[in-house]
Structures are given as structure tokens and as C-alpha cells.
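predicted coordinates and the sequence they were generated for:
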Amino acid sequence: MRRFRKTFIRAGLEALYLSGAHVWLRPIFSGVGAIYTLHHVRPRSSAEFQPNCHLEVTPEFLREMLSHLRDHDIEIVTLDEMHRRLVARDFSRRFACFTFDDGYRNNRDFALPVMREFDAPFTIYVTSDFAAGQGRLWWVTLERVVAKADIIEVAIGGLALRLDASTPTAKCVAFQRLHDWLRSLPGEHDIRREITALCTRHGVDEEAICRELCMSWDELRALSAEPLITIGAHSISHCNLAKQTEETARVEITESRTRIETELQRPVLHMAYPYGDRAAASQREFVLAAASGYKTAVTTRPGMVFAESADHLTALSRVSLNGHYQDARVLPVLTSGAATAMWNGFRRIDAA
């Protein structure tokens, strides 16, 4: 099913490009700008099993994107400047904002040099538990468990299952089954319990993964002095906020900001909701973010920024730079707004 979905999306992007539909849709759906979502930026891996590769792009693709924006006179601005333009209704020039979720070390090592080439500002949304070396990147941990195993024994829905993981194809099927099951569990403690059990069974050190991949407070302290970088908040633990009680969600939203400001001695005015889709962030979370004093908060709901977005500053849509679609022909389609318009049923604002 997932493979069919990727094929379908790729075909849709190709059709928009080859038909030229993105050109005539651009004046209607390109909006006043866009916020782009990234996670990892690093060289391409040769591993056959990479179920999380949609979360990473190569430095070369990032460079192609920045070149495309420059060639089309789209200005790359900070989130503060985007906020100013929306509030002031200053839309004389289209803009783009770049945002990186979670706080991965490769943002510094591979993304920053490319962004410097273009004097392009960007925001890194930091999960404070990750920076403290205490977080759990369960989706990465799951990948490592499946990569290591040939058979995975697990109880799902009261049924004891033995999932085949003996080949790259079987591993992909097993990973997706486990991933979807974990996302469906009632709470973060349920995910942690099941992941810990899998790690114990298959000899994976889940505690080391966060320290291996994410920047520490010391590293972020040094990085925050970089003029191009803004640090935003991404909750304390990277939990699904919509599944928490209102008080827990409020603490995750407000305390993450406090921790970052205390560690870095810089104001934190922007946040990103973990996961960020409809199942993880909706009206309650949007209100909590606004009440907590954030100037903007972003989702992962696909969409461009429109003038009307000024009325929904804590429910902003983004455009994903997805590792599955690293093709230069995708870029004019993405910047035209045609792809996200079709995905959203041609709605301009998705903040309900």
C-alpha cells in the first residue's frame, strides 16, 4: 500500500510537471510564500533497507532547491520576517522559509554549509529531551530493530505475530506494520513500553540513538550564535500532543520553550508540533500555542502560505521536501502550490 502511495504521488508530480498544469495553477495557489519542512540533510546511503528515508534529502538536492528559488526571485527569509509580512500585509515579493525538525547534528554538518552558500536563514525546531540526550527517537529505533532481525515476535491487538524480516522487502513490510501499530497506541508510554521490549529482545541500545543523532545543548549553544539560524521549540519529548491531556500538552508546549531559552539564553518565539498532522495537532493545540506566546507554530499539513494565513499564525501549513522525490522537476511543481492544492482539495487554508 505504501509503495502504491509513493508511486501515485510521484506520478501526480510528474503529470503536473509534464502537462504544464503547475504553470497555470501558480497564480491561484502559489500564495505569498511557503514554509519548507526538512529533517535530515546528509549524503545518500547505499543501504537497501531505509524505511525513514522520506525524512532526509541530500545536500545536492537542498542546493538545487535554493538555486531554483533564487532563479525565480523568491526571497528566503526568517520566520520573524514572514510573521512581519503577514501581519503588515506586505506581499510585494514572494518568500520561502526553511525549517528543520528535531535538532539533528547533520543540520549543522551538511545543511548549514549549503545554506551559507546562499546566505539563506533557517530555523531548527529543537526537541528539548533530544538536546538533553534523554529522548527516544522511536521511529529510528524501530528501523534498527527491524534491520537487525530476521523474525520479529510481537503481540498486536491480542494476537501473537511472527513478522518476517529476512529480506529488505520483508523488512519494509514489517516496519510499516509495526510503525502503524505504534502510532495507533493510546499514549507515549505505550510506545515506549513496546519499543523498549523490542530493543531488549533484539539487542538494540535505544538510549544511545538520541546522543548519536541529535545535537547536545553545548552544540546548540555554539550553533545558535550563527546569524542564519533561529532556534524554535518542538515540545519536550516529541509526543503526539493531541493524545495528551490538556495540561500535559500545555506543559509540553510551554516548558520546551522555557528549557531552550534557559539553556541558550535566547528568546524562542516559534514552534513546530511533533508529527504535525491532523491526528497530532488541531484546534486545541493551536489555541495552546497562541496562549503560550508563540508568534508562529507550524503543522505538517501540506499547503502554501496565503494572505489569510495571518489569521491562523499557530496553524501554518508547510511543504515537505521529501526524500522520495528528489528530482529537480519536482521543484517548480512544489513552488507553484499545485501539488499541495490538489492534495488539499484546492483549499487555500487548512486550519480547522
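Thanks, I have the structure now. Numbers count the residues shown, from 1 in each chain.

check contacts around residue 288.
246, 249, 250, 253 (Cβ atoms under 8 Å, 6 or more residues apart in numbering). Every C-beta, even on glycine, is put in place using the N, C-alpha and C of the backbone.

repeat that for 6 Å
By Cβ atoms under 6 Å, 6 or more residues apart in numbering, the contact set of residue 288 is 249, 250, 253.

residue 108 in helix, strand or coil?
When classified by DSSP: H, G, I helix; E, B strand; the rest coil, residue 108 comes out as helix.

oops, could you answer that again for residue 328 instead?
Using three-state DSSP, the structure places residue 328 in coil.

what is the burial count for the closest residue to it other than its chain neighbours?
Leaving aside its chain neighbours, residue 328 sits nearest to residue 64 (5.3 Å; criterion: Cβ to Cβ, 6 or more residues apart in numbering). A count of nearby residues for residue 64, using other Cβ atoms under 10 Å, gives 17.

show me what the helix or strand hosting residue 64 is in contact with.
Using DSSP states H and E, residue 64 maps to helix 59-71. Residues from elsewhere that reach helix 59-71, judged by Cβ under 6 Å, 6+ apart: 41, 96, 110, 114, 118, 120, 326, 328, 331.

what residues are up against the second one?
Spelled out, that is residue 96. With Cβ under 6 Å, 6+ apart, residue 96 has these contacts: 34, 69, 74, 76.

so how far is residue 304 from the last one?
Yep, that's residue 76 we're talking about. Using Cβ to Cβ, to the nearest Å, one obtains 15 Å as the distance from residue 76 to residue 304.

higher neighbour count, the two?
A count of neighbours by other Cβ under 10 Å puts residue 304 above the other of residue 76 and residue 304, at 27 against 21.

residues contacting that one?
Contact analysis of residue 304 by Cβ under 6 Å, 6+ apart lists 31, 34, 337.

can you rerun that using 8 Å?
Residue 304 neighbours (Cβ under 8 Å, 6+ apart): 29, 30, 31, 32, 33, 34, 317, 319, 337, 340, 348.

next one: the residue nearest to it when sequence neighbours are not counted, what pLDDT does it get?
In space, and not counting its chain neighbours, residue 304 is closest to residue 31: 3.5 Å by Cβ to Cβ, 6+ apart. pLDDT recorded at residue 31 is 95.

element containing residue 31, please.
Residue 31 belongs to no helix or strand, assigned by DSSP H and E.

tell me the spacing between it and residue 123.
Residue 31 is 19 Å from residue 123, where distance means Cβ to Cβ.

also residue 142?
For residue 142, the distance to residue 123 equals 27 Å [Cβ to Cβ].

same question, residue 175
Relative to residue 123, residue 175 is positioned 30 Å away (Cβ to Cβ).

residue 173 too?
From residue 173 to residue 123 the distance is 36 Å (Cβ to Cβ).

more neighbours: which of these two?
Taking neighbours as other Cβ under 10 Å, residue 173 and residue 123 compare with residue 123 leading, 24 against 18.

didn't that one look like it was pressed against residue 101?
No: with contact defined as Cβ atoms under 8 Å, residue 123 does not reach residue 101; the gap is 9.5 Å.

thinking again about what came up before, dump the contacts of residue 304 to a markdown table, plus neighbour count.
Below are the contacts of residue 304 laid out as a markdown table (neighbours: other Cβ atoms under 10 Å):
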| residue | neighbour count |
| --- | --- |
| 29 | 21 |
| 30 | 21 |
| 31 | 23 |
| 32 | 21 |
| 33 | 23 |
| 34 | 25 |
| 317 | 27 |
| 319 | 20 |
| 337 | 26 |
| 340 | 26 |
| 348 | 19 |
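
looking at those, which one is closest to residue 219?
Looking at the contacts of residue 304 and their distance to residue 219, the nearest is residue 319, at 27.8 Å (Cβ to Cβ).

can you map out the helices along the stretch 51-200 of the chain?
Using DSSP state H, counting those that start in this stretch, the helices found in the stretch 51-200 of the chain span residues 59-71, 79-88, 105-106, 112-117, 128-131, 138-148, 168-184, 188-202.
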